[in-house]
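>>> No letters, just coordinates:
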Ligand code: HEM
């Protein structure tokens with residue numbers, strides 16, 4: 001009996017302790033005297049996410065409500081407070097000028113038990129700095145130049161596949177195609193070739209394992225929301241408990257693919273102008289070479305970064321072009337002129353696709369693939385011009401989507417207008433007003449490659465096909481409520497006709 005009471009007493013004490021800790025955590029911004037909204041226990045200010053809203057909505061609402069009242073507002077993720085920046089000058093300080101104090105993202109990774117999670121996006125501190133320095137030369141214009149022929153070859157295969165699908169509808173009234181999946185397979189083939197040295201040919205065979213597991217990384221998580229929040233809050237304890245992030249089948253598969261590709265190239269002395277080759281060369285870097293696990297993790301993040309982001313961007317662009325025929329016509333004219341002049345898509349030709357580039361920028365404004373970006377304060381940071389201090393360890397949220405929809409920066413923000421990105425219009429705006437690829441030393445390392453494959457994809461599609469809304473086309477496009485990166489809820493169906 002006494003043991004029973006003791007157990008009950010301990011349980012009660014434990015529940016009381018958790019309540020005190022949560023209360024303390026959820027009263028943080030009130031104690032700091034910072035504008036904030038009341039959190040819901042265990043959900044913070046993100047209760048609606050995944051149910052009635054996507055991740056972008058709470059931040060857009062928060063920004064609209066508090067902008068102009070303070071440089072930042074207090075927000076609650078599941079278990080802890082985060083500062084949401086409301087002022088572009090402060091965004092610039094955090095991302096660029098004071099970067100040394102905000103260089104961490106604070107993502108959980110576990111190099112020991114889950115080596116594939118220790119990639120550039122997740123690494124922090126000295127490990128991140130060293131890896132970024134090693135990988136930066138991989139993305140120079142010259143390297144992009146050398147990879148362009150692979151991208152163009154795959155784009156030609158892509159056009160053939162789309163043409164065959166369109167021809168099925170030769171005499172029909174409509175020719176509806178689901179373009180999102182086709183685009184995902186296009187970018188998957190490109191990055192499969194450039195990062196893993198594989199001709200995965202998912203354009204012709206969508207069931208290949210590479211493609212299936214690639215999609216899984218974005219749709220399935222190893223941990224639920226609360227467990228994820230605990231990992232982010234107590235990373236050292238989680239590492240001691242050997243907790244992993246990446247699902248085992250995904251991790252095992254990609255480790256095996258990289259192992260086989262590396263062994264094959266080593267054995268047969270194969271040299272190719274692609275990411276894998278560059279990563280293999282880094283193994284012998286005199287300033288500390290990459291281990292196999294490090295190499296595999298970076299190939300994996302190139303795959304993650306290279307496939308979904310670019311294909312989603314192209315999918316959103318095509319939807320916008322289909323619903324804005326005048327923009328589409330102007331874009332096609334540019335593509336035709338560039339092809340007439342250069343006869344092929346070489347690097348020079350890509351640089352002349354200026355209006356297409358503006359379309360990509362405007363697409364990423366309207367559909368910010370990363371709707372928020374996160375940094376973490378390393379040391380207490382007094383916010384200039386105010387009495388506030390961002391305390392060491394505070395997660396800092398840059399509300400990219402909200403900034404991209406601020407009518408004071410972009411009048412009529414819902415309107416699709418690529419001329420917003422004409423050089424003089426960009427010049428007239430604050431440098432932190434567009435963050436499609438992030439900003440500062442921790443921006444997207446694959447920016448050039450992402451731009452290159454997106455421009456090639458859009459150019460070959462516009463050259464060969466016309467896009468218009470079909471009966472099944474969703475207008476407006478519904479967004480996926482559960483994914484962290486912006487995606488459409490279902491496929492993107494458009495009428496596709498040969499030019
Ligand atoms: C349209 C295509 C792409 C978009 C919109 C995009 C967007 C982004 C954004 C917003 C970030 C965060 C930047 C920040 O925190 O300031 C990022 C980081 C990153 N991206 Fe991309 N990306 C694209 C393509 C690529 C490609 C093709 C690769 C690799 C081949 C790539 C690899 C990475 C990596 C490794 C990081 C982490 C960089 C670091 O922490 O140092 N991305 N990307």
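Done, it's in. Owing to the predicted nature of the structure, the values given are computational and were not obtained by experimental measurement.
>>> Look at residue 375 and give its secondary structure.
Following DSSP: H, G, I helix; E, B strand; the rest coil, we place residue 375 in the strand state.
>>> Test of understanding: give the bridge partners of it.
On the basis of DSSP bridges, residue 375 is bridged to residue 396.
>>> which ones are touching it?
Residue 375 sits next to 94, 95, 102, 103, 104, 105, 395, 396, 398, 442 when contact means CB atoms under 8 Å, 6 or more residues apart in numbering. Yep, even glycine has a C-beta here, placed from its N, CA and C like the rest.
>>> How many residues are close by the third one?
What that stands for is residue 102. By the criterion of other CB atoms under 10 Å, residue 102 has 25 neighbours.
>>> Could you list which of the contacts of residue 375 also contact the ligand?
Near the ligand, taking CB under 6 Å from any ligand atom as the test, the members of these found are residue 442.
>>> Counting only strands, which of the contacts of residue 375 make the cut?
For the contacts of residue 375, the ones inside strands are 395, 396, 398, with DSSP state E as the criterion.
>>> What helix or strand is whatever residue of the stretch 251-400 of the chain ends up closest to the ligand located in?
Taking CB to the nearest ligand atom, the ligand has its nearest neighbour within the stretch 251-400 of the chain at residue 305, 2.5 Å off. Element membership for residue 305, per DSSP states H and E: helix 292-323.
>>> Format the ones in strands among the contacts of residue 375 as TSV; extra columns: neighbour count and distance to residue 187.
Output for the ones in strands among the contacts of residue 375, formatted as TSV (neighbours: other CB atoms under 10 Å; distance: CB to CB, whole Å):
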residue	neighbour count	distance to residue 187
395	20	30
396	23	31
398	23	26
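>>> Return the member of the residues you listed nearest to residue 347.
residue 398 (31.6 Å; CB to CB).
>>> That closest one - nearest residue in space that isn't next to it in sequence?
residue 373 (4.3 Å; CB to CB, 6 or more residues apart in numbering).
>>> isn't that neighbour right next to residue 435, touching?
Yes. Between residue 373 and residue 435 a contact is recorded at 6.8 Å, counting by CB atoms under 8 Å.
>>> So for this structure, which residue is the most central one in space?
The chain has residue 370 as the residue nearest its centroid, 4.9 Å off, counting by CA atoms, centre = their mean.
>>> residues touching the residue nearest to residue 398, list them.
Applying CB under 8 Å, 6+ apart to residue 373 gives the contacts 95, 397, 398, 400, 435, 438.
>>> Residue 151 now?
Residues counted as contacts of residue 151 (CB under 8 Å, 6+ apart) are 190, 194, 452, 453, 456.
>>> among the residues you listed, which two are most distant?
Greatest spacing in these, by CB to CB: 194 and 456 (12.6 Å).
>>> what's around the closest residue to the residue of the stretch 251-400 of the chain closest to the ligand other than its chain neighbours, how many residues?
In this structure, residue 305 finds its nearest non-sequential neighbour in residue 446, 5.0 Å apart by CB to CB, 6+ apart. Here the number of neighbours of residue 446 (other CB under 10 Å) works out to 24.
>>> Over to residue 285?
12.
>>> same question, residue 421
For residue 421, using other CB under 10 Å, the count is 21.
>>> was I right about it contacting residue 362?
Yes. Under the criterion of CB under 8 Å, residue 421 makes contact with residue 362 at 5.7 Å.
>>> all helices for the stretch 101-250 of the chain, in order.
Assigned by DSSP state H, counting those that start in this stretch, the helices in the stretch 101-250 of the chain fall at 125-135, 141-167, 179-196, 209-219, 225-233, 235-240, 248-268.
>>> Please list the residues of the stretch 351-499 of the chain that sit near the ligand.
Residues of the stretch 351-499 of the chain lying close to the ligand (CB under 6 Å from any ligand atom) are 364, 369-370, 373, 436-439, 442-446, 449-450, 454.
>>> ok so, going back, so how far is residue 94 from the residue nearest to residue 398?
Distance, residue 373 to residue 94, using CB to CB, to the nearest Å: 10 Å.
>>> returning to what we had before: need the contacts of residue 151 in CSV (columns: pLDDT).
Converted to CSV, the contacts of residue 151 look like this (pLDDT from 0 to 100):
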residue, pLDDT
190, 92
194, 85
452, 95
453, 95
456, 97
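>>> Contact partners for the residue nearest to residue 305?
Shown in contact with residue 446 (CB under 8 Å, 6+ apart): 139, 302, 305, 306.
>>> list the contacts for the first one?
Under the criterion of CB under 8 Å, 6+ apart, the contact list for residue 139 reads 445, 446, 447, 448, 449.
>>> ok, now the second one?
Residues near residue 302 by CB under 8 Å, 6+ apart: 191, 194, 195, 275, 446.
>>> Any buried residues in the helix holding residue 305, and which?
Along helix 292-323, these residues count as buried under the neighbour rule (16 or more other CB atoms under 10 Å): 293-323.
>>> Just give me how far it sits from the chain centre.
Here the centre of helix 292-323 is set off from its chain's centre by 7 Å, with CA atoms, centre = their mean, to the nearest Å.
>>> any idea of the mean pLDDT in that helix?
Regarding helix 292-323, the rounded mean pLDDT is 93.
>>> Wasn't residue 64 part of a helix?
Yes. Under three-state DSSP, residue 64 falls within a helix.
>>> Once you drop chain neighbours, what's closest to it?
residue 402 (7.0 Å).
>>> residues near that neighbour, how many?
With other CB under 10 Å as criterion, residue 402 counts 25.
>>> circling back to that earlier point, joint contacts of residue 373 and residue 94?
Joint contacts of residue 373 and residue 94 (CB under 8 Å, 6+ apart) are residue 398.
>>> ok so, going back, the ligand: which of the contacts of residue 375 is nearest?
Nearest to the ligand among the contacts of residue 375, with distances taken as CB to the nearest ligand atom, is residue 442, at 4.9 Å.
>>> Contact partners for residue 334?
Residues in contact with residue 334 (CB under 8 Å, 6+ apart) are 352, 353, 354, 355, 356.
>>> go again using 7 Å as the cut-off
353, 355, 356 (CB atoms under 7 Å, 6 or more residues apart in numbering).
>>> The residues you listed in helices, which ones?
If you go by DSSP state H, these have 355, 356 in helices.
>>> ok, so of the contacts of residue 334, who is nearest residue 242?
Distances from residue 242 to the contacts of residue 334, taken by CB to CB, are shortest for residue 356, at 47.5 Å.
>>> Could you measure from the closest one over to residue 317?
According to CB to CB, residue 356 and residue 317 sit 9 Å apart.
>>> For those two, list the residues in contact with both.
Contacts common to residue 356 and residue 317, judged by CB under 7 Å, 6+ apart, are residue 458.
>>> So what angle separates the directions of the one helix or strand residue 334 maps to and helix 292-323?
Applying DSSP H and E as the criterion places residue 334 in helix 325-342. Counting by axes from the mean of the first three to the mean of the last three CA atoms, to 10 degrees, helix 325-342 lies at 120 degrees to helix 292-323.
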